[in-house]
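Undergrad: need the 3D shape of this:
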Amino acid sequence: MSICKRSLSAVLERKLNPGTGIVESVTTPDLEWVVRVNGVYWTARAALAGHSFQAGDPVRSVDREGNRLIIEPMA
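TA: As a prediction, this is how the structure comes out:
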């Protein structure tokens with residue numbers, strides 16, 4: 001039997017909030033983007049209404065709605 005060295009809360013946090021990534025493409029201008037986070041592609045929308053991203057912009061996921069990430073720009 002193996003022992004998990006990470007706490008359950010850390011595992012759940014990573015599962016629910018995958019981290020930082022890069023905008024790969026614009027699906028719908030000013031509305032939806034494709035982002036790559038830890039090698040996984042996600043559809044995403046901006047956390048703040050009216051914010052726009054371009055391909056190559058670094059982003060941070062702040063929440064999830066099903067399989068869609070809610071993102072904001074990296075500071």
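Undergrad: quick check: the spatially most central residue of the chain vs Phe53, distance?
TA: Ranked by distance to the mean C-alpha position of the chain (C-alpha atoms, centre = their mean), the top residue is Ser61 at 3.5 Å. Ser61 sits at a distance of 13 Å from Phe53 (criterion: C-beta to C-beta, to the nearest Å). Quick note: C-beta positions are derived from backbone N, CA and C, even for glycine.
Undergrad: what is in contact with the two at once?
TA: Ile71 (C-beta atoms under 8 Å, 6 or more residues apart in numbering).
Undergrad: give me the buried positions along the host helix or strand of Val35.
TA: Using DSSP states H and E, the element containing Val35 is strand 32-37. Residues of strand 32-37 classed as buried: Trp33, Val35, Val37 (neighbour count, 16 or more other C-beta atoms under 10 Å).
Undergrad: where exactly do the strands run in this protein?
TA: 20-28, 32-37, 40-46, 58-65, 68-73 (DSSP state E).
Undergrad: now do the first one: which elements does it pack against?
TA: So the one you mean is strand 20-28. The helices and strands touching strand 20-28, judged by 3 or more C-beta pairs under 8 Å, 6 or more residues apart in numbering; DSSP states H and E, are strand 32-37, strand 40-46, strand 58-65.
Undergrad: please enumerate residues in contact with that strand?
TA: Outside of strand 20-28, the residues that reach it under the criterion C-beta under 8 Å, 6+ apart are 32-38, 41-44, 53-61, 74.
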